[in-house]
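Enquirer: Show me how the following folds:
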Amino acid sequence: MAVFVAASDETNSANGLYHYAGWLASESDWTRFFAPAWQERVLDRPPQIPYLHMTEMRSRAWREQWGITQADVDERLDEAARVIDQMGSLYPFKLTIDTSIFRPLYKRHKI
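Expert: Predicted coordinates:
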């Protein structure tokens, strides 16, 4: 049985589309290679940050809380891109759903 791990995020657009996208890798590659490199090169480099999320990285209050400058953010994002680029078994994925079709189908289901 194959086991995969993904890092992803979602957003709704003004035109009624729901977007879900991220990166996918086998569990063994993720835990043995990607996660350690991400931790060391993106999160733990000085100044350490607990996670990388664009909304917070662009927030002045969040940057001040963690002692990270705008220049640090730019370098951190560049390093994140390098880690992703160097991971040969990391695959991008994107799902787009037209919510005008999807919502009526699942209206009675509560999540």
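Enquirer: Hmm, Ala6 is touching Gly22, no?
Expert: Yes - contact status for Ala6 versus Gly22: in contact at 5.2 Å, counting by C-beta atoms under 8 Å. (Each C-beta comes from the backbone N, C-alpha and C, glycine too.)
Enquirer: shared neighbours, those two?
Expert: The contact sets of Ala6 and Gly22 overlap at Phe93 (C-beta atoms under 8 Å, 6 or more residues apart in numbering).
Enquirer: what does stretch 4-21 rub up against?
Expert: 22-27, 30-31, 53, 92-100, 102.
Enquirer: run the last query once more with 7 Å
Expert: Stretch 4-21 is contacted by residues 22-27, 30, 93-100 when judged by C-beta atoms under 7 Å, 6 or more residues apart in numbering.
Enquirer: And these, which of them are buried?
Expert: By neighbour count, with 16 or more other C-beta atoms under 10 Å, the contacts of stretch 4-21 hold 23, 25-26, 30 as buried.
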